[in-house]
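Colleague: show me the folded form of this:
(one chain, ligands or ions: 4)
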Amino acid sequence: MKTAEIAQRYLDYFEKNDHVIVPSASLVTDDPSLLFTVAGMVPFIPYLTGVVPAPYARAADVQKCIRTNDIEEVGKTARHGTFFQMLGNWSFGDYFKAGAIEYAWELLTSSESAGGLGFAERDLWVTVYEDDDEAADLWKRIAGLPDERIQRFGKEDNYWSTGQPGPAGPCSEIYFDRGPAYGPDGGPAVDDSRFTEIWNLVFMQYAITNVRSKTDFDVIGELPQKNIDTGMGLERVAFIKQGVDNMYETDQVRPVLDLAVALSGRTYGAVHDDDVRFRVVADHVRSSLMLLSDGVRPSNEGRGYILRRLMRRTVRAMRLLGVDAPTFRELFAASRDAMAPAYPILATDYDRLESAAVAEEETFLRTLAAGSTILDLAVAETKGAGKDQIAGSEAFLLHDTYGFPIDLTLEIAEEAGLSVDRTAFDALMQEQRQRAKADAKSRKRAIADHSVYREFRALGETTFTGYTDLETESRIL
Ligand code: ATP
Ligand code: MG
Ligand code: MG
Ligand code: MG
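Modeller: Numbers count the residues shown, from 1 in each chain. Ligands and ions are numbered 1, 2, ... in the order given. This next block holds a predicted model:
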């Protein structure tokens, strides 16, 4: 079953059940405190919090998402993409727990010929919040699940809130058992790789206040209007339904992976580290393409920095796969071909996206050429001196003079079994900032043409402003 067909089945099912089908919102949010749409619920926040009355009682959609906090998992787990699509159904004061569970179970387990997704009941496990007896009973009644396949998790995993006073509530999640080849038996409480989370049902049931942390707050009482927010990973369902090993091997991603393999002249499935890199390339190229398409351009801060980082990690992965030549022209075209059937704008708007991607690759290849030699030397010197930490001053020099990003220095150092004196590096960065401030003051009337300087800084500046995003991400998730 192709990815697009799964999405269509999902929408058809909920449309048949009186949901209004809503188009995906942009990856770029209106909310300045949140860089990207990290979940299907993001565009619905005003309705869910009751700030704006929902224009419909039921809705369903396929939402484009970016999660930078999963970047380190990409290619290592089977299930984490920086870009993915979340299938969602919503009830604003309409159906609640029973309805959400009935719909989810019916769609998952009804046969493909009946329009369902055709999952075998025996492969599905669920979790509920530890105190949510109501949900556990519903799973028994509606799905006939035995007690041992209904696991109870605490607030950390199965309770949703925004981290602010307002709506909150327990979740219930559905997991697919990939079988003994992927790990020990015993459900998601034992192994979250064999048991892959596919669908999260959030029951917005309570109003909370005095929020001390995500798991520590006071419940005021039941909400007058209870809402349902669900999210199912399209790529996760796709990789299961397509019988492949992971989400990077699904029809919308695999063509890029295959091309990366061909360009490298290596084989997929031979060396673990190479496989991770192939998957990283396939993931990051797609994420970059989708971000470009939503108007993001590589830069040194905010959203642009995340995009730059994805692209640079792609270049770096290709280099580690033995390819020093530019590859973006080909890789991005492959991703466009795989994604354009679902997002036609990718084809019509492609020239602009391609030139932005190719320009970023060129810039970074120049930066890398200058910095790599210096860093290799620093690694050799550090090791030669019997040390296991690269001096902060070396990392700073690389950053300041060669425009070599600190995260890359950290990565390369780690691969060489070394750490970097981060404290010293940060101190030098701080000093530099102060110097720059003082300079600016003493040059009040400076009118020199700074364009060359700016261009140089553009290569060098690596201020990672993504952390505020990560904080907000974890608040929402
Ligand atoms: P996990 O525990 O596997 O990281 P999650 O609990 O962070 O998933 P939710 O926030 O509950 O995920 O999101 C709802 C659904 O979206 C998940 O059940 C999953 O199917 C999908 N999903 C979440 N993160 C990703 C990702 N990085 N790549 C692909 N699908 C994802
Ligand atoms: Mg997660
Ligand atoms: Mg989870
Ligand atoms: Mg979850």
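Colleague: tell me how far residue 218 lies from residue 49.
Modeller: 18 Å (C-beta to C-beta, to the nearest Å). Heads up, the C-betas are built off the backbone N, CA and C, glycines and all.
Colleague: what about the residue of the stretch 1-150 of the chain at minimum distance from ligand 1, which helix or strand?
Modeller: Using C-beta to the nearest ligand atom, residue 84 is the residue of the stretch 1-150 of the chain that sits closest to ligand 1, at 3.4 Å. Here residue 84 sits within strand 83-92, counting by DSSP states H and E.
Colleague: what sits opposite the residue in the stretch 151-300 of the chain that ligand 1 sits nearest to in the beta ladder?
Modeller: Across the stretch 151-300 of the chain, no residue is closer to ligand 1 than residue 233, which sits at 2.5 Å (C-beta to the nearest ligand atom). Assessed by DSSP bridges, residue 233 has beta-bridge partners residue 86.
Colleague: so residue 221 sits in a strand?
Modeller: Yes - counting by DSSP: H, G, I helix; E, B strand; the rest coil, residue 221 is part of a strand.
Colleague: dump the residue contacts of it.
Modeller: Taking C-beta atoms under 8 Å, 6 or more residues apart in numbering as the contact definition, residue 221 lies against 206, 207.
Colleague: so how far is residue 168 from it?
Modeller: For residue 221, the distance to residue 168 equals 12 Å [C-beta to C-beta].
Colleague: now for these two: what residues contact both?
Modeller: Once C-beta under 8 Å, 6+ apart is applied, the residues that residue 221 and residue 168 both contact turn out to be 206, 207.
Colleague: on that earlier part again, would you indicate which residues of the strand holding residue 84 are buried?
Modeller: 83, 84, 85, 86, 87, 88, 89, 90, 91, 92 (16 or more other C-beta atoms under 10 Å).
Colleague: now the second one. Nearest residue, chain neighbours left out?
Modeller: Spatial nearest neighbour of residue 84, excluding adjacent residues (C-beta to C-beta, 6 or more residues apart in numbering): residue 235 at 5.0 Å.
Colleague: how about low-confidence regions in the stretch 301-450 of the chain?
Modeller: For the stretch 301-450 of the chain, the stretches with pLDDT under 70 are 440-450.
Colleague: what ranges do the strands span in it?
Modeller: Listed in chain order, the strands found in the stretch 301-450 of the chain under DSSP state E, counting those that start in this stretch are 389-390, 419-420.
Colleague: wait, residue 417 sits on residue 389?
Modeller: No - the pair residue 417 and residue 389 fails to qualify as a contact (C-beta atoms under 8 Å) at a distance of 10.8 Å.
Colleague: those two: who's more crowded?
Modeller: Counting neighbours by other C-beta atoms under 10 Å for residue 417 and for residue 389 shows that residue 389 has the greater number, 13 against 9.
Colleague: which strand residues bridge the more buried one?
Modeller: Here residue 389 sits in beta bridges with residue 419, as judged by DSSP bridges.
Colleague: would you agree it is in contact with residue 382?
Modeller: Yes - the criterion here is C-beta under 8 Å, and residue 389 meets it with residue 382 at 7.0 Å.
Colleague: find residues that contact each of these two.
Modeller: Contact criterion C-beta under 8 Å, 6+ apart; residues bridging residue 389 and residue 382 by contacting each: residue 418.
Colleague: write out the residues of the chain neighbouring ligand 1.
Modeller: By C-beta under 6 Å from any ligand atom, the part of the chain that sits against ligand 1 consists of 39, 67, 70, 79-81, 84, 86, 197-200, 231-233, 235-236, 477.
Colleague: per-residue confidence at residue 477?
Modeller: Per-residue confidence (pLDDT) for residue 477: 56.
Colleague: next: residue 200.
Modeller: Model confidence at residue 200, given as pLDDT, is 98.
Colleague: pretty sure it sits in a helix.
Modeller: No - the assignment for residue 200 by three-state DSSP gives strand, which leaves it out of any helix.
Colleague: against residue 166, how distant is it?
Modeller: Residue 200 sits 19 Å away from residue 166, taking C-beta to C-beta as the criterion.
Colleague: do the same with residue 160
Modeller: The value you get for residue 160 to residue 166, if C-beta to C-beta is used, is 11 Å.
Colleague: which strands and helices sit next to the longest helix along the chain?
Modeller: With secondary structure taken from DSSP state H, the chain has its longest helix at helix 350-384. The contact analysis (3 or more C-beta pairs under 8 Å, 6 or more residues apart in numbering; DSSP states H and E) places helix 350-384 against helix 272-293, helix 302-320, helix 328-339, strand 389-390, helix 392-402, helix 406-415, helix 451-460.
Colleague: now that helix: buried residues?
Modeller: Going by 16+ other C-beta under 10 Å, helix 350-384 has these buried residues: 350, 353-354, 356-357, 360-361, 363-364, 367-368, 371-372, 374-375, 378-379, 382.
Colleague: go on, stretch 227-246?
Modeller: 227-242, 244, 246.
Colleague: got the domain ranges for this structure?
Modeller: The record, using automatic domain parsing to delimit domains, assigns the chain the ranges 3-244, 253-421+464-472.
Colleague: and those domains, which one's lowest on average pLDDT?
Modeller: domain 253-421+464-472 (a mean of 91).
Colleague: where's that domain relative to the chain centroid, distance-wise?
Modeller: 16 Å (C-alpha atoms, centre = their mean, to the nearest Å).
Colleague: please apply the same query to stretch 199-213.
Modeller: For stretch 199-213, the separation from the chain centroid amounts to 22 Å (computed by C-alpha atoms, centre = their mean).
Colleague: which residues are contacting it?
Modeller: Stretch 199-213 is contacted from outside by 41, 48, 96-97, 100-101, 104, 108, 132, 135, 160-161, 163-174, 217-223, 226-233, using C-beta under 8 Å, 6+ apart.
Colleague: list only buried entries from the residues you listed.
Modeller: Buried by 16+ other C-beta under 10 Å: 41, 48, 96-97, 100-101, 104, 108, 132, 135, 160-161, 163, 166-174, 217, 223, 226-233, out of the contacts of stretch 199-213.
Colleague: and the residues you listed, which of them are in helices?
Modeller: Helix and strand membership here follows DSSP H; of the buried ones among the contacts of stretch 199-213, those in helices are 48, 97, 100, 101, 104, 108, 135.
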